[in-house]
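> only the shape, not the letters, is given here:
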(Lines give C-alpha, C1' and ligand atoms only; values in the text may rest on other atoms or scores of the structure.)
Protein backbone atom coordinates (compact mmCIF):
# COMPACT_ATOMS: atom_id res chain seq x y z
CA UNK A 1 0.00 0.00 0.00
CA UNK A 2 1.51 3.31 -1.10
CA UNK A 3 1.43 6.09 1.45
CA UNK A 4 0.93 9.65 0.18
CA UNK A 5 3.42 12.06 1.67
CA UNK A 6 2.64 15.77 2.11
CA UNK A 7 5.23 16.51 -0.57
CA UNK A 8 3.47 14.15 -3.03
CA UNK A 9 0.09 15.65 -2.18
CA UNK A 10 1.46 19.12 -2.86
CA UNK A 11 2.69 17.98 -6.28
CA UNK A 12 -0.70 16.46 -7.22
CA UNK A 13 -2.61 18.69 -9.69
CA UNK A 14 -5.64 20.27 -8.04
CA UNK A 15 -9.04 19.58 -9.53
CA UNK A 16 -11.04 22.60 -10.66
CA UNK A 17 -13.58 22.25 -7.85
CA UNK A 18 -10.77 22.12 -5.29
CA UNK A 19 -9.14 25.24 -6.70
CA UNK A 20 -12.32 27.31 -6.71
CA UNK A 21 -13.24 26.13 -3.21
CA UNK A 22 -9.79 27.15 -1.98
CA UNK A 23 -9.92 30.51 -3.77
CA UNK A 24 -13.49 31.18 -2.62
CA UNK A 25 -12.44 30.49 0.95
CA UNK A 26 -9.43 32.79 0.52
CA UNK A 27 -11.61 35.64 -0.78
CA UNK A 28 -14.07 35.22 2.12
CA UNK A 29 -11.28 35.27 4.70
CA UNK A 30 -9.58 38.34 3.21
CA UNK A 31 -12.89 40.20 2.96
CA UNK A 32 -13.64 39.23 6.53
CA UNK A 33 -10.33 40.77 7.64
CA UNK A 34 -11.20 44.00 5.81
CA UNK A 35 -14.67 43.92 7.35
CA UNK A 36 -13.20 43.42 10.83
CA UNK A 37 -10.99 46.48 10.30
CA UNK A 38 -13.99 48.60 9.32
CA UNK A 39 -16.47 47.03 11.74
CA UNK A 40 -14.88 45.41 14.83
CA UNK A 41 -16.60 42.42 16.52
CA UNK A 42 -20.06 43.26 17.88
CA UNK A 43 -19.91 46.72 16.27
CA UNK A 44 -22.80 47.90 14.16
CA UNK A 45 -22.72 49.93 10.98
CA UNK A 46 -23.22 53.60 11.75
CA UNK A 47 -24.93 56.25 9.67
CA UNK A 48 -23.79 59.78 8.98
CA UNK A 49 -25.68 62.98 9.80
CA UNK A 50 -27.81 64.53 7.06
CA UNK A 51 -27.52 68.15 6.00
CA UNK A 52 -30.36 70.66 6.24
CA UNK A 53 -30.89 70.45 2.47
CA UNK A 54 -31.11 66.65 2.58
CA UNK A 55 -33.50 66.64 5.53
CA UNK A 56 -35.72 69.20 3.81
CA UNK A 57 -35.90 66.99 0.71
CA UNK A 58 -36.53 63.72 2.54
CA UNK A 59 -39.11 65.15 4.98
CA UNK A 60 -40.80 67.38 2.43
CA UNK A 61 -40.42 70.87 3.90
CA UNK A 62 -38.37 73.95 3.07
CA UNK A 63 -35.02 74.66 4.69
CA UNK A 64 -36.45 77.90 6.08
CA UNK A 65 -39.15 75.88 7.88
CA UNK A 66 -36.48 73.73 9.52
CA UNK A 67 -34.46 76.79 10.55
CA UNK A 68 -37.58 78.40 12.02
CA UNK A 69 -38.41 75.25 14.02
CA UNK A 70 -34.89 75.22 15.42
CA UNK A 71 -34.98 78.90 16.37
CA UNK A 72 -38.34 78.39 18.07
CA UNK A 73 -37.03 75.36 19.96
CA UNK A 74 -39.56 73.04 18.36
CA UNK A 75 -38.93 69.49 17.18
CA UNK A 76 -35.61 67.64 17.58
CA UNK A 77 -32.50 69.69 18.21
CA UNK A 78 -30.07 69.47 15.27
CA UNK A 79 -26.31 69.33 15.60
CA UNK A 80 -24.75 72.69 14.75
CA UNK A 81 -21.18 72.92 13.50
CA UNK A 82 -18.73 75.70 14.37
CA UNK A 83 -19.63 77.36 11.06
CA UNK A 84 -23.34 77.27 11.91
CA UNK A 85 -24.31 74.36 9.62
CA UNK A 86 -27.22 72.31 10.94
CA UNK A 87 -27.51 68.55 10.52
CA UNK A 88 -29.82 65.79 11.77
CA UNK A 89 -29.46 62.09 12.39
CA UNK A 90 -31.80 59.68 10.59
CA UNK A 91 -33.57 59.06 13.92
CA UNK A 92 -34.12 62.81 14.31
CA UNK A 93 -35.61 62.95 10.83
CA UNK A 94 -38.20 60.46 12.03
CA UNK A 95 -38.88 62.57 15.14
CA UNK A 96 -39.16 65.68 12.99
CA UNK A 97 -41.59 63.93 10.67
CA UNK A 98 -43.72 62.89 13.65
CA UNK A 99 -43.69 66.43 15.06
CA UNK A 100 -44.83 67.92 11.74
CA UNK A 101 -47.55 65.29 11.38
CA UNK A 102 -48.94 65.99 14.84
CA UNK A 103 -48.85 69.77 14.48
CA UNK A 104 -50.47 69.82 11.04
CA UNK A 105 -48.05 72.08 9.25
CA UNK A 106 -49.56 71.16 5.88
CA UNK A 107 -52.88 69.55 5.07
CA UNK A 108 -51.65 68.59 1.60
CA UNK A 109 -48.76 66.40 2.73
CA UNK A 110 -48.47 63.29 4.85
CA UNK A 111 -45.22 63.57 6.77
CA UNK A 112 -45.62 60.01 8.10
CA UNK A 113 -46.52 58.10 4.91
CA UNK A 114 -47.38 54.77 6.53
CA UNK A 115 -50.07 52.50 5.16
CA UNK A 116 -53.59 53.26 6.30
CA UNK A 117 -56.34 50.72 6.93
CA UNK A 118 -57.21 49.15 3.59
CA UNK A 119 -53.86 50.03 1.96
CA UNK A 120 -52.18 46.94 0.54
CA UNK A 121 -48.63 45.99 1.46
CA UNK A 122 -46.49 46.94 -1.54
CA UNK A 123 -44.03 44.25 -2.61
CA UNK A 124 -41.58 45.47 -5.26
CA UNK A 125 -39.59 42.77 -7.06
CA UNK A 126 -36.43 44.11 -8.73
CA UNK A 127 -35.49 41.72 -11.52
CA UNK A 128 -33.28 41.14 -14.51
CA UNK A 129 -32.14 37.97 -16.22
CA UNK A 130 -28.66 39.37 -16.88
CA UNK A 131 -26.06 40.34 -14.31
CA UNK A 132 -24.52 43.80 -14.31
CA UNK A 133 -27.77 45.64 -14.90
CA UNK A 134 -27.61 47.58 -11.63
CA UNK A 135 -30.31 45.44 -10.02
CA UNK A 136 -28.78 45.25 -6.54
CA UNK A 137 -27.70 48.90 -6.59
CA UNK A 138 -31.26 49.84 -7.50
CA UNK A 139 -32.86 47.65 -4.82
CA UNK A 140 -30.52 48.80 -2.02
CA UNK A 141 -30.84 52.51 -2.75
CA UNK A 142 -34.60 52.26 -3.23
CA UNK A 143 -35.07 50.51 0.12
CA UNK A 144 -32.90 53.10 1.90
CA UNK A 145 -34.58 56.05 0.18
CA UNK A 146 -38.02 54.80 1.16
CA UNK A 147 -36.87 54.45 4.77
CA UNK A 148 -35.39 57.97 4.72
CA UNK A 149 -38.69 59.32 3.41
CA UNK A 150 -40.60 57.82 6.33
CA UNK A 151 -41.75 54.41 5.11
CA UNK A 152 -41.42 51.17 7.04
CA UNK A 153 -39.39 48.95 4.72
CA UNK A 154 -38.31 45.33 4.61
CA UNK A 155 -35.50 44.52 2.17
CA UNK A 156 -35.28 40.88 1.12
CA UNK A 157 -32.03 39.71 -0.45
CA UNK A 158 -33.06 36.75 -2.57
CA UNK A 159 -29.80 36.57 -4.53
CA UNK A 160 -27.49 33.82 -3.15
CA UNK A 161 -24.53 36.05 -4.03
CA UNK A 162 -25.73 38.31 -1.16
CA UNK A 163 -24.47 41.62 -2.55
CA UNK A 164 -27.29 43.65 -0.97
CA UNK A 165 -26.62 41.90 2.34
CA UNK A 166 -22.96 42.88 2.11
CA UNK A 167 -23.89 46.52 1.51
CA UNK A 168 -25.79 46.44 4.79
CA UNK A 169 -22.89 45.04 6.78
CA UNK A 170 -23.60 41.30 6.56
CA UNK A 171 -21.17 38.65 5.36
CA UNK A 172 -23.41 35.56 5.47
CA UNK A 173 -20.78 32.87 4.92
CA UNK A 174 -18.96 34.11 8.02
CA UNK A 175 -21.79 35.63 10.08
CA UNK A 176 -23.93 32.51 9.54
CA UNK A 177 -27.02 34.70 9.24
CA UNK A 178 -30.10 32.77 8.07
CA UNK A 179 -31.76 33.61 4.76
CA UNK A 180 -35.35 33.57 3.54
CA UNK A 181 -34.81 29.89 2.75
CA UNK A 182 -35.50 29.18 6.43
CA UNK A 183 -39.04 30.56 6.05
CA UNK A 184 -39.90 28.91 2.71
CA UNK A 185 -38.26 25.49 2.99
CA UNK A 186 -40.41 22.37 2.70
CA UNK A 187 -39.26 20.30 5.67
CA UNK A 188 -40.05 20.48 9.36
CA UNK A 189 -37.14 22.87 9.98
CA UNK A 190 -39.07 25.84 8.57
CA UNK A 191 -38.92 28.95 10.77
CA UNK A 192 -41.13 32.01 11.15
CA UNK A 193 -40.00 34.89 8.96
CA UNK A 194 -40.00 37.14 12.02
CA UNK A 195 -37.05 35.13 13.39
CA UNK A 196 -34.76 35.94 10.45
CA UNK A 197 -35.35 39.68 10.11
CA UNK A 198 -32.50 42.00 11.11
CA UNK A 199 -32.46 45.73 11.76
CA UNK A 200 -30.11 47.86 9.63
CA UNK A 201 -28.31 51.12 10.34
CA UNK A 202 -31.24 52.94 8.67
CA UNK A 203 -34.18 53.56 11.04
CA UNK A 204 -37.28 52.07 9.47
CA UNK A 205 -35.35 49.61 7.29
CA UNK A 206 -35.05 45.92 8.17
CA UNK A 207 -33.43 43.23 6.05
CA UNK A 208 -33.47 39.49 5.49
CA UNK A 209 -29.93 38.72 4.31
CA UNK A 210 -29.09 36.12 1.69
CA UNK A 211 -26.70 33.20 1.72
CA UNK A 212 -25.79 30.27 -0.52
CA UNK A 213 -28.43 28.11 1.16
CA UNK A 214 -31.08 29.94 -0.87
CA UNK A 215 -29.97 27.87 -3.85
CA UNK A 216 -31.36 24.79 -2.08
CA UNK A 217 -34.87 26.05 -2.87
CA UNK A 218 -34.12 25.51 -6.57
CA UNK A 219 -33.34 21.84 -5.87
CA UNK A 220 -36.01 21.23 -3.24
CA UNK A 221 -38.94 22.54 -5.27
CA UNK A 222 -38.87 19.94 -8.10
CA UNK A 223 -38.67 17.19 -5.49
CA UNK A 224 -41.60 18.67 -3.58
CA UNK A 225 -43.59 18.97 -6.82
CA UNK A 226 -43.01 15.29 -7.58
CA UNK A 227 -44.35 14.27 -4.15
CA UNK A 228 -47.90 13.20 -4.99
CA UNK A 229 -48.81 12.90 -1.33
CA UNK A 230 -48.27 16.61 -0.69
CA UNK A 231 -49.64 19.82 -2.15
CA UNK A 232 -46.66 21.88 -0.93
CA UNK A 233 -44.65 21.61 -4.14
CA UNK A 234 -47.56 22.26 -6.49
CA UNK A 235 -48.21 25.57 -4.73
CA UNK A 236 -44.54 26.53 -4.34
CA UNK A 237 -45.28 29.97 -5.79
CA UNK A 238 -47.24 30.97 -2.67
CA UNK A 239 -44.42 30.42 -0.18
CA UNK A 240 -42.98 33.95 -0.11
CA UNK A 241 -46.38 35.65 0.01
CA UNK A 242 -47.45 33.33 2.84
CA UNK A 243 -44.25 34.08 4.76
CA UNK A 244 -44.64 37.85 4.30
CA UNK A 245 -48.23 37.67 5.55
CA UNK A 246 -46.85 36.90 9.02
CA UNK A 247 -45.22 40.35 9.29
CA UNK A 248 -47.43 42.34 6.93
CA UNK A 249 -48.64 44.73 9.63
CA UNK A 250 -45.06 45.83 10.40
CA UNK A 251 -44.22 47.26 6.97
CA UNK A 252 -45.45 49.54 4.21
CA UNK A 253 -43.13 48.29 1.48
CA UNK A 254 -41.07 45.17 0.79
CA UNK A 255 -38.20 45.44 -1.72
CA UNK A 256 -36.97 42.10 -3.08
CA UNK A 257 -33.61 41.84 -4.84
CA UNK A 258 -34.19 38.80 -7.07
CA UNK A 259 -31.41 36.53 -8.34
CA UNK A 260 -30.24 37.14 -11.94
CA UNK A 261 -31.88 33.98 -13.22
CA UNK A 262 -35.38 32.79 -13.95
CA UNK A 263 -35.65 30.02 -11.35
CA UNK A 264 -38.14 29.05 -8.67
CA UNK A 265 -36.95 31.82 -6.34
CA UNK A 266 -37.61 34.53 -8.92
CA UNK A 267 -40.98 33.06 -9.90
CA UNK A 268 -42.03 32.83 -6.25
CA UNK A 269 -40.99 36.45 -5.69
CA UNK A 270 -42.89 37.63 -8.77
CA UNK A 271 -46.09 35.92 -7.68
CA UNK A 272 -45.76 37.61 -4.27
CA UNK A 273 -45.13 41.00 -5.87
CA UNK A 274 -47.59 43.85 -6.30
CA UNK A 275 -45.17 45.59 -8.65
CA UNK A 276 -42.10 44.76 -10.70
CA UNK A 277 -39.09 46.89 -11.57
CA UNK A 278 -37.04 45.56 -14.48
CA UNK A 279 -33.56 47.08 -14.63
CA UNK A 280 -32.01 47.37 -18.07
CA UNK A 281 -28.62 48.62 -19.25
CA UNK A 282 -29.24 50.35 -22.62
CA UNK A 283 -26.93 48.21 -24.76
CA UNK A 284 -28.04 46.05 -27.67
CA UNK A 285 -27.00 42.74 -26.09
CA UNK A 286 -28.66 43.62 -22.79
CA UNK A 287 -31.92 44.58 -24.49
CA UNK A 288 -31.83 41.36 -26.54
CA UNK A 289 -31.28 39.39 -23.33
CA UNK A 290 -34.20 41.19 -21.70
CA UNK A 291 -36.40 40.27 -24.64
CA UNK A 292 -35.60 36.60 -24.10
CA UNK A 293 -36.20 37.02 -20.36
CA UNK A 294 -39.67 38.46 -20.99
CA UNK A 295 -40.58 35.66 -23.40
CA UNK A 296 -39.45 33.00 -20.94
CA UNK A 297 -41.16 34.72 -18.03
CA UNK A 298 -44.47 35.04 -19.85
CA UNK A 299 -44.31 31.40 -20.92
CA UNK A 300 -43.71 30.28 -17.32
CA UNK A 301 -46.27 32.53 -15.61
CA UNK A 302 -49.15 31.43 -17.84
CA UNK A 303 -49.32 27.83 -16.52
CA UNK A 304 -48.67 29.11 -13.00
CA UNK A 305 -51.72 31.36 -13.26
CA UNK A 306 -53.71 28.33 -14.46
CA UNK A 307 -52.49 26.51 -11.32
CA UNK A 308 -54.02 29.20 -9.11
CA UNK A 309 -51.38 31.91 -8.76
CA UNK A 310 -52.65 35.46 -8.90
CA UNK A 311 -50.05 37.50 -10.76
CA UNK A 312 -51.92 40.80 -10.52
CA UNK A 313 -49.47 43.67 -10.59
CA UNK A 314 -50.51 47.19 -9.74
CA UNK A 315 -47.65 48.49 -11.89
CA UNK A 316 -44.44 47.44 -13.57
CA UNK A 317 -41.74 49.61 -15.08
CA UNK A 318 -38.47 49.39 -16.94
CA UNK A 319 -35.64 51.35 -15.32
CA UNK A 320 -32.73 52.44 -17.49
CA UNK A 321 -29.55 51.94 -15.45
CA UNK A 322 -25.86 52.80 -15.85
CA UNK A 323 -26.93 55.35 -18.46
CA UNK A 324 -24.39 57.60 -20.18
CA UNK A 325 -26.35 60.43 -21.89
CA UNK A 326 -23.40 61.41 -24.09
CA UNK A 327 -23.13 57.88 -25.48
CA UNK A 328 -24.92 58.01 -28.84
CA UNK A 329 -25.81 54.28 -29.13
CA UNK A 330 -27.13 54.25 -25.55
CA UNK A 331 -29.29 57.33 -26.17
CA UNK A 332 -30.60 55.65 -29.32
CA UNK A 333 -31.43 52.48 -27.38
CA UNK A 334 -33.26 54.49 -24.72
CA UNK A 335 -35.32 56.17 -27.45
CA UNK A 336 -36.04 52.75 -28.94
CA UNK A 337 -37.37 51.45 -25.62
CA UNK A 338 -39.43 54.57 -24.97
CA UNK A 339 -41.00 54.25 -28.41
CA UNK A 340 -41.84 50.58 -27.79
CA UNK A 341 -43.00 50.72 -24.16
CA UNK A 342 -44.04 54.37 -23.64
CA UNK A 343 -45.27 54.90 -20.05
CA UNK A 344 -43.79 51.57 -18.93
CA UNK A 345 -40.30 53.12 -19.00
CA UNK A 346 -39.54 55.30 -15.98
CA UNK A 347 -39.05 58.93 -16.98
CA UNK A 348 -35.93 59.20 -14.86
CA UNK A 349 -32.81 57.14 -15.55
CA UNK A 350 -30.06 55.99 -13.22
CA UNK A 351 -26.86 57.51 -14.52
CA UNK A 352 -23.60 55.64 -14.65
CA UNK A 353 -21.32 57.08 -11.98
CA UNK A 354 -18.01 56.25 -10.35
CA UNK A 355 -19.50 57.62 -7.10
CA UNK A 356 -21.61 54.48 -6.64
CA UNK A 357 -18.72 52.09 -7.29
CA UNK A 358 -16.36 54.18 -5.12
CA UNK A 359 -18.85 54.03 -2.23
CA UNK A 360 -19.22 50.29 -2.76
CA UNK A 361 -15.52 49.76 -2.10
CA UNK A 362 -16.21 50.53 1.56
CA UNK A 363 -19.53 48.63 1.52
CA UNK A 364 -21.54 51.83 1.48
CA UNK A 365 -24.31 53.30 -0.63
CA UNK A 366 -24.58 56.93 -1.72
CA UNK A 367 -26.97 57.57 1.16
CA UNK A 368 -24.27 56.48 3.62
CA UNK A 369 -21.03 57.82 2.23
CA UNK A 370 -19.78 61.26 3.23
CA UNK A 371 -19.86 63.48 0.15
CA UNK A 372 -16.47 64.99 1.02
CA UNK A 373 -14.92 61.59 0.32
CA UNK A 374 -15.38 62.10 -3.42
CA UNK A 375 -15.51 64.82 -6.03
CA UNK A 376 -18.46 67.07 -5.23
CA UNK A 377 -19.84 67.33 -8.76
CA UNK A 378 -19.58 63.55 -9.25
CA UNK A 379 -21.44 62.89 -6.01
CA UNK A 380 -24.15 65.48 -6.64
CA UNK A 381 -24.80 64.26 -10.18
CA UNK A 382 -25.16 60.67 -8.96
CA UNK A 383 -27.35 61.44 -5.92
CA UNK A 384 -29.62 63.71 -7.98
CA UNK A 385 -30.15 60.87 -10.45
CA UNK A 386 -30.85 58.34 -7.69
CA UNK A 387 -33.26 60.62 -5.85
CA UNK A 388 -35.20 61.36 -9.03
CA UNK A 389 -35.59 57.64 -9.84
CA UNK A 390 -36.58 56.73 -6.29
CA UNK A 391 -39.03 59.63 -5.97
CA UNK A 392 -40.76 58.48 -9.16
CA UNK A 393 -41.11 54.96 -7.74
CA UNK A 394 -42.45 56.34 -4.43
CA UNK A 395 -45.08 58.24 -6.43
CA UNK A 396 -46.15 54.96 -8.05
CA UNK A 397 -46.45 53.31 -4.63
CA UNK A 398 -48.51 56.18 -3.26
CA UNK A 399 -50.71 56.20 -6.35
CA UNK A 400 -51.44 52.50 -5.79
CA UNK A 401 -52.72 53.51 -2.33
CA UNK A 402 -54.96 56.10 -3.97
CA UNK A 403 -53.01 59.05 -2.64
CA UNK A 404 -52.52 62.35 -4.33
CA UNK A 405 -48.92 62.60 -5.52
CA UNK A 406 -47.10 65.58 -4.02
CA UNK A 407 -43.65 65.86 -5.63
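Structure's in. What do you need? In this text the structure is predicted, and so the values were computed from the model without any measurement.
> the domain parsing of the chain - what is it?
Following automatic domain parsing, one finds the domains of the chain at 50-102, 122-400.
> taking the mean pLDDT, what do you get for the longest one?
Going back to what we said before, that points to domain 122-400. For domain 122-400, mean pLDDT rounds to 91.
> first-to-last residue distance for it?
Taking CA to CA, to the nearest Å, the first and last residues of domain 122-400 lie 9 Å apart.
> cool, and stretch 260-279?
Using CA to CA, the gap from the first to the last residue of stretch 260-279 comes to 11 Å.
> buried set for that stretch?
By neighbour count with 16 or more other CB atoms under 10 Å, stretch 260-279 contains the buried residues 260-262, 264-279. C-beta: built from backbone N, CA, C; applies to glycine.
> now the nearest residue to residue 213 once chain neighbours are set aside, what are its backbone angles?
In this structure, residue 213 finds its nearest non-sequential neighbour in residue 181, 4.9 Å apart by CB to CB, 6 or more residues apart in numbering. Main-chain torsions, residue 181, degrees, to the nearest 10: phi -50, psi -40.
> ok, now the one 10 residues further on?
Torsion angles at residue 191 (phi, psi; degrees, to the nearest 10) stand at phi -120, psi 160.
> quick one: the spatially closest residue to it that is not a sequence neighbour from residue 354, how far?
The shortest distance from residue 191 to any non-neighbouring residue, by CB to CB, 6+ apart, is to residue 182 (4.5 Å). As for residue 182, its distance to residue 354 is 37 Å (criterion: CB to CB, to the nearest Å).
> ok, those two, which is more surrounded?
Neighbour totals were compared for residue 182 and residue 354, and residue 182 leads with 19 against 12 (other CB atoms under 10 Å).
> I'd say that one and residue 190 touch.
Yes: applying CB atoms under 8 Å, one finds residue 182 in contact with residue 190, separated by 6.9 Å.
> is it true that the residue nearest to residue 213 touches residue 214?
Yes: Residue 181 sits in contact with residue 214 when judged by CB under 8 Å, with a separation of 4.9 Å.
> list of residues touching the longest helix along the chain?
With secondary structure taken from DSSP state H, the chain has its longest helix at helix 376-400. Helix 376-400 has contacts (CB atoms under 8 Å, 6 or more residues apart in numbering) with 57, 113, 120, 122, 124, 138, 141-142, 145-146, 149, 151, 253, 274-275, 277, 314-315, 317, 319, 346-351, 353-356, 366, 369, 371, 405, 407.
> restricted to helices, list those residues.
When DSSP H is applied, the contacts of helix 376-400 are split such that 57, 138, 141-142, 145-146, 354-356 fall in helices.
> among those, which ones are buried?
Among the ones in helices among the contacts of helix 376-400, the ones that count as buried by 16+ other CB under 10 Å are 57, 138, 141-142, 145-146, 355-356.
> got those as TSV, with distance to residue 380 columns?
As requested, those are exported to TSV (distance: CB to CB, whole Å):
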residue	distance to residue 380
57	13
138	19
141	15
142	20
145	16
146	21
355	9
356	13
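> which among those residues gets closest to residue 299?
Nearest to residue 299, judged by CB to CB, of those is residue 138 at 25.4 Å.
> roughly how far does that closest one sit from residue 267?
20 Å.
> need phi/psi at residue 279.
Per degrees, to the nearest 10, the backbone of residue 279 is at phi -80, psi 140.
> which ones are touching the residue nearest to it when sequence neighbours are not counted?
Leaving out its chain neighbours, the residue that sits closest to residue 279 by CB to CB, 6+ apart is residue 133, at 4.4 Å. Residue 133 makes contact with 260, 279-281, 286, 321-322 under the criterion CB under 8 Å, 6+ apart.
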